[in-house]
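# quick one, fold the following:
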Amino acid sequence: MSFSFNEVDRWLEDAFPQMEKELFPLLAFPTVKGEAEPGAPFGRPLAEALDYCLQLAQNLGMEAANVDGYVGYADLPGETKEQIAVLAHLDVVPANPQDWQSNPFQPEVREERIYARGSEDDKGPLMAALYAGLALVRCGAPLKKTLRFIFGCDEESGMSCVDYYLKHHEPPECGFSPDGYFPLVIGEKGLGKFALTASWPKEGEEQLKLLSIKSGTVVNVVPDKAEAVLAASGSVCFEGEQVTGLSIEQEGAILRIVATGKAAHASTPEEGENALVQLLQFLARQEFGPRGAKRYIESLAKLFKDPCYGASLGVADEDALSKLTVSPDILQLDESGGSLQCDMRFTLTRNSDYFYHKLLSIAQRHGLVLENWNGAEPLYAGDDSPLADILLQAYRDVSKDTQTKPLIIGGGTYAKKLPNVLAFGPGLPGETFMAHQANEFIGRRELLDAAKIYARALYELAK
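From the prediction side, this is the model:
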């Protein structure tokens, strides 16, 4: 049977309405990680979304399997059992409906964009890759190797889904994750997640007592809201009360201070406005109890005065290809203690052990406890990677962009978990990547072009 990419492109264009129709129900599943249930280790919505994908793959003629609810996969068999893998994820970060123009789990098309949580990260690209493989088969492309599409369910919260998969299956020969940027992600910075904690005794009747602080929902998102609740014995007048993005309300003995910022992916904290940092800076200038809480707030405010690059924390670092970022995201504090969860993306030339010991020393100097350190090493494919050459050429063939160079990113993808895998699309050069942000969207043309690029990449890898 004859085969040409012109035919593949036409097939994808004709099939796009159907692909979009099948994407919408997937976007409607609120696949934020939840409580484990029998058969649903990451919550019922994720289990239902996984079932939907596996049934869809079977309807499209693929061979599908569920790996105990942790992950699923669908195969387009080639002449051999050697596998080329596409690794995408079904889980998403939380979405606050109040920050959206439309319901984040009721997808809408506006101005040729598909708006929904997960549209760009990562359900839309998953569907584009799935249809790219299908297009090759339907158009008679000779595939020597098997195409395997892996549907992960825990990418945003530790990637335990892939760990589970690798306990039961061999890794693929190579592949890509449609969970980054074009033209290609050639490297990913190291990842460190950690908490800075402290505890203190409940003290007597202060005039102003800090009761709680709540900020953030997931550790890889810059918080757009942070709230402190205090008990006041009378009317309170704060120093510097007129602060942009800060509101103060008092009802009887309860005082609420709310800071508002802008959410962003924690790998690019400079694109957001960290509401927690704003709240910490304000509180550090005020007088309140308990004394231990006051010291804790002052320490955090000092350490995170720089909310992006770690200069005030004492971990700033940069090499020829990458720059460290660190974002304080989730703070949970009550009358007896607090815990701040942070997200760090460190340089390609360091390892996680280096920053663990550095942070341990910093915490001790400020009377804090370093807890829950979880480090992942950097990834860099280098300049002589055959996989990188194939993926980059697939992008250039469709986009005609011959100038944009491969990227180093702070985001951590499934590529870190498997050998010979790189992140590849869908974010386009010069376009805003909406992952983890309110009103997340992916352009319809962007999605179709991604499918065409993925088709060329899969063919070259599997032929």
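# show me the residue sitting in the middle of this protein in space.
Glu156 (5.3 Å; C-alpha atoms, centre = their mean).
# and the pLDDT at Phe238?
pLDDT, Phe238: 69.
# just Glu205 next, same as before
The predicted local confidence for Glu205 is 69.
# who are the contact partners of Ser399?
Phe182, Pro183, Asp449, Ile453 (C-beta atoms under 8 Å, 6 or more residues apart in numbering). For every residue, glycine as well, the C-beta is placed using N, CA and C.
# so where is the stretch 101-250 of the chain shaky, pLDDT-wise?
Flagging of the stretch 101-250 of the chain using pLDDT under 70 yields the residue ranges 204-205, 237-242.
# what packs against the longest helix anywhere in the chain?
Counting by DSSP state H, the longest helix found in the chain is helix 5-28. Packing contacts for helix 5-28, counted by 3 or more C-beta pairs under 8 Å, 6 or more residues apart in numbering; DSSP states H and E, involve helix 44-59, strand 113-115, helix 123-138, helix 444-462.
# again, 10 Å this time
Under the contact criterion of 3 or more C-beta pairs under 10 Å, 6 or more residues apart in numbering; DSSP states H and E, helix 5-28 touches helix 44-59, strand 108-110, strand 113-115, helix 123-138, helix 386-399, helix 444-462.
# element containing the residue of the chain positioned farthest from its centre, please.
In the chain, counting by C-alpha atoms, centre = their mean, Gly234 sits farthest out from the average C-alpha position, at 43.6 Å. Using DSSP states H and E, Gly234 maps to neither a helix nor a strand.
# show me the contacts for it.
Gln207, Leu208, Gln250, Ala253 (C-beta atoms under 10 Å, 6 or more residues apart in numbering).
# where's it relative to Gly252, distance?
Going from Gly234 to Gly252 by C-beta to C-beta, to the nearest Å gives 11 Å.
# does Gly190 really touch Tyr356, like I thought?
No: using C-beta atoms under 10 Å, Gly190 makes no contact with Tyr356, being 11.1 Å away.
# assumed the residue nearest to the centre of the chain was part of a strand.
No: counting by DSSP: H, G, I helix; E, B strand; the rest coil, Glu156 is not found in a strand; it is coil.
# how about it: what's its closest non-neighbour residue?
Asp91 (5.1 Å; C-beta to C-beta, 6 or more residues apart in numbering).
# residues in contact with Phe24?
Phe24 neighbours (C-beta under 10 Å, 6+ apart): Gln106, Pro107, Glu108, Val109, Ile114, Ala116, Ser119, Lys123, Met127.
# got the residues you listed as a markdown table, with distance to Pro269 and neighbour count columns?
As requested, those are exported to a markdown table (distance: C-beta to C-beta, whole Å; neighbours: other C-beta atoms under 10 Å):
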| residue | distance to Pro269 | neighbour count |
| --- | --- | --- |
| Gln106 | 29 | 13 |
| Pro107 | 28 | 23 |
| Glu108 | 29 | 15 |
| Val109 | 31 | 13 |
| Ile114 | 26 | 23 |
| Ala116 | 24 | 28 |
| Ser119 | 22 | 30 |
| Lys123 | 25 | 29 |
| Met127 | 29 | 25 |
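# and the two most separated of the contacts of Gly234?
Spatial extent of those (C-beta to C-beta) is set by the pair Gln207 and Gln250 at 13.3 Å.
# dihedrals phi and psi, the residue farthest from the centre of the chain?
phi -170, psi -170 (degrees, to the nearest 10).
# what of Gln332?
According to degrees, to the nearest 10, Gln332 has phi -120, psi 120.
# tell me how many other residues crowd it.
16 (other C-beta atoms under 10 Å).
# leaving out chain neighbours, which residue sits closest to it?
Ser339 (5.5 Å).
# again, but for Asp317
Nearest to Asp317 is Leu324, by C-beta to C-beta, 6+ apart, at 4.2 Å.
# mind listing what the residue nearest to Asp397 when sequence neighbours are not counted touches?
If the residues on either side of it in the chain are set aside, Asp397 comes closest to Arg456, at 5.6 Å by C-beta to C-beta, 6+ apart. Residues in contact with Arg456 (C-beta under 10 Å, 6+ apart) are 5, 8-9, 132, 136, 390-391, 393-398.
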